[in-house]
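> please work out how this folds:
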Amino acid sequence: TGIMGSIMAGFLTDGGADVYCVDTYKEHVDAINEKGLTLEHYITGELTNYKVKAFTDASQFGAIMDVLIVLVKGPVTRMAATAAKCATNEKTLILTLQNGVGNTEVLEEIFPRENIMYGCMMVSGKVKAPGLVMKKYSAESYVSIGSVTGEYTDAMQEFTAVCAKGGLNLRFCKDIDREIWIKMITNCTGNPICGITRLPVGRMLNTEIVDSGYQISLQIEREVVAVANAMGIELETGHIKPVPTTNVHYPSMAQDIMAKRKTEIDNLNGAVVRYGKKYGVPTPFNEMATLLVKTIENNYQFQWDAD
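Take a look at the predicted model:
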């Protein structure tokens with residue numbers, strides 16, 4: 001129940017679902033249980049409070065879930081999914097909306113393949129305090145999902161109906177891999193560069209100030225598109241646009257670096273590098289971004305320390 005998990009909890013509750021939240025951030029869990037989960041609209045500042053159940057471990061649920069949504073960071077997917085397996089059975093749908101690629105393969109090792117859905121969220125936000133999450137969701141926001149087998153079962157349709165009732169713009173896509181790689185462009189171009197430069201999106205991608213960040217992002221985009229095409233996923237460049245300075249959003253990886261946490265670089269630019277090597281596509285800009293982020297996250301305790 002970080003940023004995306006909290007936002008999904010709100011939509012599902014509005015749709016009539018009985019939502020169980022799990023997070024290892026105890027202060028967050030305690031605040032939700034004491035005061036409810038509060039979502040703050042990023043423009044109006046309007047606060048909406050949701051009375052959901054929150055736990056620090058899925059073994060505390062005491063119930064079997066109809067749907068398990070995995071929205072942890074990539075490095076802990078296996079650990080979190082394994083820990084939550086106790087709240088599932090052979091009918092439970094498993095949905096990952098995590099950034100990047102590679103998480104679905106991990107889930108296939110733990111849950112029945114025919115139950116797994118995957119997709120991406122064109123949504124953002126920020127955890128402002130325990131129990132309080134800023135929700136950046138507009139008319140342009142949406143969630144795309146597909147299934148590993150390509151089937152759209154009755155249970156999956158029931159789930160998407162609940163999401164729609166809650167006001168979430170969710171669509172089931174047969175060509176979900178293309179949607180995933182479009183989101184990869186957004187994540188691979190913005191997340192690491194904002195984290196490395198310590199800049200919000202509006203400063204990093206603003207060509208009126210200086211377009212060096214924008215030019216780096218364009219090179220990363222070209223490599224992501226080339227790798228996707230080599231994999232048989234039809235994609236084109238042109239998704240990266242200059243952004244006004246009024247956009248002060250820090251992408252999730254920048255937030256992780258700011259908080260000195262492990263990042264999802266291996267599921268984003270690092271994955272582009274791995275697939276590039278597999279399919280013979282050069283990815284020097286993605287490799288540089290990956291190595292720089294890894295250098296930073298492996299040396300948090302030594303930053304600005306001349307000794």
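
> alpha carbons of stretch 160-167, in PDB - could you do that?
The C-alpha coordinates for stretch 160-167 follow below in PDB (Å, rounded to 0.1, in the frame of the first residue of the first chain):
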ATOM      1  CA  THR A 160     -12.700  -4.900 -14.100                       C
ATOM      2  CA  ALA A 161     -16.400  -4.100 -13.500                       C
ATOM      3  CA  VAL A 162     -15.700  -3.300  -9.900                       C
ATOM      4  CA  CYS A 163     -12.800  -1.100 -10.900                       C
ATOM      5  CA  ALA A 164     -15.100   0.700 -13.400                       C
ATOM      6  CA  LYS A 165     -17.800   1.200 -10.800                       C
ATOM      7  CA  GLY A 166     -15.200   2.800  -8.600                       C
ATOM      8  CA  GLY A 167     -14.300   5.300 -11.300                       C
END
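
> quick one: it to chain centroid distance?
Distance of stretch 160-167 from the chain centroid (C-alpha atoms, centre = their mean, to the nearest Å) equals 20 Å.

> strands along the stretch 101-250 of the chain, start to end?
116-122, 124-129, 132-136, 142-147, 170-172 (DSSP state E, counting those that start in this stretch).

> redo those as JSON lines? Include mean pLDDT and mean neighbour count.
Every residue, glycine included, has its C-beta placed from N, CA and C. Below are the strands of the stretch 101-250 of the chain laid out as JSON lines (pLDDT from 0 to 100; neighbours: other C-beta atoms under 10 Å):
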{"stretch": "strand 116-122", "mean pLDDT": "95", "mean neighbour count": "22"}
{"stretch": "strand 124-129", "mean pLDDT": "92", "mean neighbour count": "16"}
{"stretch": "strand 132-136", "mean pLDDT": "95", "mean neighbour count": "20"}
{"stretch": "strand 142-147", "mean pLDDT": "95", "mean neighbour count": "22"}
{"stretch": "strand 170-172", "mean pLDDT": "92", "mean neighbour count": "18"}
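
> among these, which is nearest residue 252?
Closest approach to residue 252 among those (C-beta to C-beta): strand 124-129, 7.8 Å.
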